[in-house]
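Colleague: The amino acid sequence is not available; the structure is as follows:
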Ligand SMILES: [Zn+2]
């Protein structure tokens with residue numbers, strides 16, 4: 001934490017109003033915006049010259065599966081849509097052990113951090129025997145790296161023998177799931193502003209979880225005041241499954257189990273009808289748009305404009321690294337703009353929109369108003385980019401250039417007033433050693 005005041009001075013551009021001469025950071029929070037022609041009102045012991053940097057709020061990744069970094073570009077899964085892709089990968093994922101998960105989490109979080117991400121949500125729903133402490137591992141690794149996490153205690157209780165998609169070896173029963181959800185909520189869920197760790201509850205999807213577990217999970221979230229998360233309306237196959245098995249559409253199912261509320265954010269939300277978009281907006285549900293994954297799995301194009309206009313909290317995520325197959329949050333913003341241009345007129349999805357969705361919008365999905373925006377009182381979570389690579393040469397609008405020229409790597413990243421990336425490198429991480437350990441772990445999934 002910065003004990004003394006730090007002035008991040010004279011940025012080349014900044015994604016904030018009235019901060020032309022930069023911002024002041026103190027004790028982990030933003031304490032002043034310095035407007036044009038002004039200087040900080042209080043003396044700052046430290047000054048960071050940001051004249052080479054474009055400054056934005058730290059990016060917030062609202063959906064991921066960290067463990068999937070171990071099965072990127074897997075020959076058994078590539079070039080398939082969601083259901084066959086999942087069926088190919090479940091037996092491989094069933095091999096996951098604690099040591100694999102730990103190194104996968106460390107790699108994914110480091111990769112996210114380097115792209116400018118300062119808060120990440122992870123949806124971990126895979127619990128083969130021996131992996132009971134998955135959430136504990138995720139929180140430990142995030143705290144060590146100094147990045148904020150919403151670790152979701154995911155779950156699957158409907159396997160092949162009950163008409164679900166996953167094999168029996170990766171699911172758990174209701175009592176085990178609910179007891180462990182309570183355990184991790186008590187241990188790690190910190191509702192305070194500036195929290196580094198929060199817990200959300202996340203039954204996986206309509207084809208791997210029973211409605212009974214969804215309803216019980218919603219009650220638990222109410223009791224502990226935490227967010228709810230699940231995959232919904234991702235593919236046509238899911239829609240068909242819901243009609244055949246439950247006789248209704250995915251959103252009707254969600255409403256029936258008590259999930260249509262501000263507490264809930266959904267991954268994907270590709271296949272909603274107009275009336276469903278309105279219902280989601282009225283209930284202020286969050287939707288995390290994962291453009292890259294939707295393109296890789298040929299899932300469809302999310303109605304981002306209608307969702308955002310309806311009152312939905314629209315956020316962005318990279319999704320798991322087996323359907324992306326990277327964890328670059330800046331790329332997620334670029335892809336959200338690009339895929340949006342295939343559906344809407346060019347002025348309907350702008351670089352401002354995707355910058356807002358990937359910061360403030362994602363923060364709202366996670367139930368947070370203390371991060372995601374450069375504003376007095378919010379956490380000092382920042383991503384700073386230089387435009388000194390060939391891809392930016394000749395660019396005129398620095399903020400638009402981040403998205404249109406395709407910024408990939410932040411030069412500096414600050415979380416709660418602490419620099420976590422300096423000169424493009426994660427602080428305190430031996431990147432070569434981490435990659436070697438991760439590549440070694442991935443061999444178990446060949
Ligand atoms: Zn996902």
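Modeller: Received the coordinates, thanks. Predicted model only: the values in this text are computed from it and were never measured.
Colleague: just for the protein, where's the confidence low?
Modeller: Across the chain, the stretches falling below the confidence threshold (pLDDT under 70) are 1-3.
Colleague: Near the ion, which residues of it? Just list them.
Modeller: Counting by Cβ under 5 Å from the ion, the residues of the chain close to the ion are 267, 319. In short, each C-beta sits where N, CA and C put it, glycine included.
Colleague: from the middle of its chain, how far away would the longest helix belonging to the chain be?
Modeller: In the chain, assigned by DSSP state H, the helix with the most residues is helix 98-115. Per Cα atoms, centre = their mean, to the nearest Å, the displacement of helix 98-115 from the mean C-alpha position of its chain is 14 Å.
Colleague: which strands and helices sit next to that helix?
Modeller: If you count contacts as 3 or more Cβ pairs under 8 Å, 6 or more residues apart in numbering; DSSP states H and E, helix 98-115 packs onto strand 117-124, helix 134-145, helix 329-343, strand 418-422, strand 425-426, helix 431-442.
Colleague: Tabulate those (CSV), appending mean neighbour count.
Modeller: Formatted as CSV, the helices and strands packed on helix 98-115 follow (neighbours: other Cβ atoms under 10 Å):
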stretch, mean neighbour count
strand 117-124, 28
helix 134-145, 21
helix 329-343, 21
strand 418-422, 18
strand 425-426, 16
helix 431-442, 14
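Colleague: Go through these and name the closest to residue 44.
Modeller: Judged by Cβ to Cβ, the one of the helices and strands packed on helix 98-115 that comes nearest to residue 44 is strand 418-422, at 15.9 Å.
Colleague: circling back: CSV for the helices and strands packed on helix 98-115, including distance to residue 250?
Modeller: Conversion of those to CSV gives the following (distance: least, Cβ to Cβ, whole Å):
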stretch, distance to residue 250
strand 117-124, 17
helix 134-145, 26
helix 329-343, 21
strand 418-422, 38
strand 425-426, 38
helix 431-442, 33
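Colleague: can you tell which of the ones you listed is closest to residue 11?
Modeller: strand 418-422 (15.5 Å).
Colleague: Distance from the closest one to the middle of the chain?
Modeller: Counting by Cα atoms, centre = their mean, strand 418-422 comes out at 20 Å from the chain centroid.
Colleague: okay, the angle between it and strand 117-124?
Modeller: Taking axes from the mean of the first three to the mean of the last three Cα atoms, to 10 degrees, strand 418-422 and strand 117-124 form an angle of 90 degrees between their directions.
Colleague: Give the pairing partners of strand 418-422; include direction for each.
Modeller: According to DSSP bridges, the neighbouring strands of strand 418-422, each with its direction, are strand 412-415 (antiparallel), strand 425-426 (antiparallel).
Colleague: Can you lay out these as CSV showing distance to residue 296?
Modeller: CSV is the format used below for those (distance: least, Cβ to Cβ, whole Å):
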stretch, distance to residue 296
strand 412-415, 26
strand 425-426, 26
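Colleague: So which residues of the stretch 251-400 of the chain form strands?
Modeller: Listed from the start of the chain, the stretch 251-400 of the chain has strands (DSSP state E, counting those that start in this stretch) covering 264-268, 286-289, 313-316, 382-386.
Colleague: Which parts of the first one count as buried, going by neighbours?
Modeller: In terms of neighbour count (16 or more other Cβ atoms under 10 Å), strand 264-268 has its buried residues at 264, 265, 266, 267, 268.
Colleague: one step back: buried ones in the longest helix of the chain, by neighbour count?
Modeller: For helix 98-115, a neighbour-count test (16+ other Cβ under 10 Å) marks 100-115 as buried.
Colleague: Looking at the residues you listed, which is nearest the ion?
Modeller: residue 108 (13.0 Å; Cβ to the ion).
Colleague: List the contacts of that closest one.
Modeller: Contact partners of residue 108, counting by Cβ atoms under 8 Å, 6 or more residues apart in numbering, are 64, 66, 69, 120, 122, 321, 327.
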